[in-house]
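> I'd like to go over a predicted model; first the sequence, then the structure.
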Amino acid sequence: MKYTHILSAVAGGTLAVAGIVGAGLGLSGCASTPPVPGAQIQASAADLREALKDFVKDAGRLAQMLAVVDQVAPELQAGAKELDRLQQEQSRLNADYTTTPEALRQIGEQLQSVRAACRTKALATRQALAQLATDAEWKKITSGQRIPFSG
């Protein structure tokens, strides 16, 4: 069974690598339907929870790992929504010929800051889950998945 990894959802897509995470956040089958910010993260978190339940047999460690996912998913969703808002603002500024270079620089810095925060959160989450899992469990959980920052 193939699992979408929450950290992959933040490494690509709207989170850029916080797009930790999927090439595009759109879950709908229609290319003309705009993606819902954070929807891919929510779906990936559900998939990751399923993978953890399938592969982690120790109830105590499983509870800890699920708590990590439950804590980080809303934070990453908020990051995705903030990135979407900033990208829309950047598009609006780009379309306005009276926009100053300073305004474009500021929005670019804000985008970079949010992306960096999401990448940092994703990496910390990945490390926390890896530390809680056995080597065999981690291999099964991440098998076939592109895991960001894995070298």
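Looks like it came in fine. Numbers count the residues shown, from 1 in each chain.
> ok, the closest residue to residue 68 other than its chain neighbours to residue 66 distance?
Counting by CB to CB, 6 or more residues apart in numbering, residue 68 lies nearest to residue 128, which is 5.1 Å off, once chain neighbours are set aside. (Glycine included, C-beta is placed from N, CA and C.) According to CB to CB, to the nearest Å, residue 128 and residue 66 sit 12 Å apart.
> thought residue 67 was touching the residue nearest to residue 68, still the case?
No - with contact defined as CB atoms under 8 Å, residue 128 does not count as touching residue 67 (9.9 Å).
> show me which of those two is the more surrounded one.
Each of residue 128 and residue 67 has its neighbours counted (other CB atoms under 10 Å); residue 128 has more, 17 against 12.
> what's downstream of the helix or strand hosting the more buried one, the next helix or strand?
Using DSSP states H and E, the secondary-structure element containing residue 128 is helix 101-132. Scanning forward in sequence from helix 101-132, with DSSP H and E defining helices and strands, the next element found is helix 135-142.
> specify the angle between that following helix and helix 101-132 in degrees.
Direction vectors for helix 135-142 and helix 101-132, defined by axes from the mean of the first three to the mean of the last three CA atoms, to 10 degrees, enclose an angle of 140 degrees.
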